[in-house]
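Student: missing the sequence, but the structure's below:
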């Protein structure tokens, strides 16, 4: 079983916001595969399951709110006997990456992302793949954490002027997620991480 987790916050208030880039990516994967979302009974998550690129796959959108994402992810990882190092992919937003950039890593720290940190804490390890979707403000122009508090920015709706660019990033993140199911992660990291 392959498990792809998209991080975000539940509810209409947070739809189409930078902090929900992970949700948008897994929603696109589900849409392409014709999978329907359902609500789990015992765990705070929405899920969709089925064959994607020939692989048995479970898609998750934790509904715990971002900072508690690990509370939903860890029980499913253990319950489905998911091999953390190879069969779990977490997709999340990254305000330190320029808008539209993608970065795939096989492991690493949370980088200050509280949703990812929650998953690391609940799993007790950080050796699992993660795909970061760049949502940094356009005016920064380059990768790197801007100095000001960006809480308001990541929770505000995307302006209409950026929606095409955001959709392009979402499409490419879904492409990478689909390829991750069947390709070696080393090759995929090379393809994903180069600057366009």
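Tutor: Arrived safely, thanks for sending. Keep in mind that this is a model prediction, so the values were computed, not measured.
Student: could you point out the longest strand in the protein?
Tutor: strand 88-98 (DSSP state E).
Student: show me where the protein has its strands.
Tutor: Under DSSP E, the chain gives strands at 2-6, 38-39, 45-52, 55-62, 88-98, 102-105, 130-136.
Student: between those strands, which gets nearest to residue 166?
Tutor: Of all these, strand 130-136 sits nearest to residue 166, with 8.1 Å by Cβ to Cβ. Every residue, glycine included, has its C-beta placed from N, CA and C.
Student: what does that closest one rub up against?
Tutor: The contact list for strand 130-136, computed with Cβ atoms under 8 Å, 6 or more residues apart in numbering, reads 18-19, 21-22, 25, 89-105, 108, 111, 116, 143, 146, 154, 169-170, 173, 176-177, 180, 192.
Student: quick check: buried residues in the lowest-mean-pLDDT helix or strand in the chain?
Tutor: Across the helices and strands of the chain, mean pLDDT, DSSP states H and E gives its lowest value to helix 151-154, namely a mean of 88. Residues of helix 151-154 classed as buried: 153-154 (neighbour count, 16 or more other Cβ atoms under 10 Å).
Student: now swap in stretch 44-51 and tell me
Tutor: Going by neighbour count (16+ other Cβ under 10 Å), the buried part of stretch 44-51 is 44-49.
Student: so how far is residue 164 from the most centrally placed residue in the chain?
Tutor: Nearest to the geometric centre of the chain sits residue 91, at 1.6 Å (Cα atoms, centre = their mean). Applying Cβ to Cβ, to the nearest Å, the value for residue 91 to residue 164 is 20 Å.
Student: ok, longest helix in this protein?
Tutor: In the chain, assigned by DSSP state H, the helix with the most residues is helix 163-180.
Student: packing partners for that one?
Tutor: Counting by 3 or more Cβ pairs under 8 Å, 6 or more residues apart in numbering; DSSP states H and E, the packing neighbours recorded for helix 163-180 are helix 21-33, strand 88-98, strand 102-105, strand 130-136, helix 185-193.
Student: can you flag the weakest of the ones you listed by average pLDDT?
Tutor: Ranked by mean pLDDT, these bottom out at helix 185-193, with a mean of 92.
Student: residue 51 contacts residue 58, correct?
Tutor: No. Counting by Cβ atoms under 8 Å, residue 51 does not reach residue 58; the two are 11.2 Å apart.
Student: between these two, what contacts are shared?
Tutor: Joint contacts of residue 51 and residue 58 (Cβ under 8 Å, 6+ apart) do not exist.
Student: what is the least confident helix or strand of the chain packed up against?
Tutor: Contact here means 3+ Cβ pairs under 8 Å, 6+ apart; on that basis helix 151-154 packs against strand 88-98.
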